[in-house]
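Visitor: Predicted model, plus sequence, below.
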Amino acid sequence: MQIPSLAQLKKELSHLNEKELINLVTDLSKFSRDNKSYLFFKLSEKDNPLLYLEMVQEELEKDFQMARGDHSYYAKKAAQKLRRKMNKLLKLSKVKTDQIEVLLFFCEKLREYGFLRHRNQVLDNMYQMQLGKAVKLISGLHEDLQFDYEGRVEELVG
């Protein structure tokens with residue numbers, strides 16, 4: 001079975017009426033928690049644009065508090081699990097500033113909870129990669145916004 005292209009799907013969706021579209025979106029949200037989360041954030045971002053950022057930071061903070069960072073091995077495994085979750089959550093927002101905030105939040109929490117004190121190469125590389133992603137996203141922003149983030153990035157680098 002060959003899956004149709006996105007253009008073909010858009011064409012087919014344009015022929016559906018509003019009720020059929022609502023039923024289709026509802027069915028799609030039942031398939032996975034990710035679809036439901038994405039739909040929730042898209043519907044609620046008009047009323048509260050910071051809701052996504054607040055919920056993601058709250059969820060990551062809770063997971064950081066529960067993570068074991070007392071031994072290098074457990075710290076590495078916990079950080080990898082948190083990074084996977086963060087990357088999954090990053091897919092739900094296309095807003096660059098939200099993505100930057102989440103990446104910087106993740107890096108700040110890695111430092112705050114002592115994950116980097118173990119001098120584990122995997123943890124150090126993960127930290128540098130996430131910081132690099134944030135810097136790359138920041139470089140694509142307007143100069144004023146870049147300036148706002150420079151202080152936070154310098155603090156994390158140094």
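Guide: Looks like it arrived, so ask away. Numbering: from 1, shown residues only.
Visitor: most centrally placed residue in the chain?
Guide: By CA atoms, centre = their mean, the chain has its centre lying nearest to Leu90, at 2.1 Å.
Visitor: Let's see the pLDDT reported for that one.
Guide: On pLDDT, Leu90 comes in at 90.
Visitor: Contacts only, for it.
Guide: Contact analysis of Leu90 by CB atoms under 8 Å, 6 or more residues apart in numbering lists 99, 102-103. Placement of C-beta: from N, CA and C, glycine included.
Visitor: Try it again at 6 Å.
Guide: Contacts for Leu90 (CB atoms under 6 Å, 6 or more residues apart in numbering) come out as 99, 102.
Visitor: ok, it to Phe40 distance?
Guide: 16 Å (CB to CB, to the nearest Å).
Visitor: Ok, Glu58 next?
Guide: Relative to Phe40, Glu58 is positioned 15 Å away (CB to CB).
Visitor: just Ile22 next, same as before
Guide: Distance of Ile22 to Phe40, computed by CB to CB: 15 Å.
Visitor: So these two - more neighbours on which side?
Guide: Neighbour count, other CB atoms under 10 Å: between Ile22 and Phe40, Phe40 has more, with 15 against 11.
Visitor: buried stuff in the helix or strand of the chain with the lowest mean pLDDT?
Guide: Least confident helix or strand, the chain: helix 33-44 with a mean of 84, by mean pLDDT, DSSP states H and E. Under the neighbour-count criterion of 16 or more other CB atoms under 10 Å, helix 33-44 has 37-38, 41 buried.
Visitor: Please produce a markdown table containing those residues, extended by distance to Met66.
Guide: What follows is the buried residues of helix 33-44, written out as a markdown table (distance: CB to CB, whole Å):
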| residue | distance to Met66 |
| --- | --- |
| Ser37 | 20 |
| Tyr38 | 25 |
| Phe41 | 24 |
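Visitor: low-confidence ranges in the chain?
Guide: By pLDDT under 70, the chain has no low-scoring segment.
Visitor: per-domain residue ranges of it.
Guide: Using automatic domain parsing, the domains assigned to the chain come out as 7-44, 48-157.
Visitor: The last one: how far from the chain's middle?
Guide: Which is domain 48-157. With CA atoms, centre = their mean, to the nearest Å as the basis, domain 48-157 stands 9 Å off its chain's centre.
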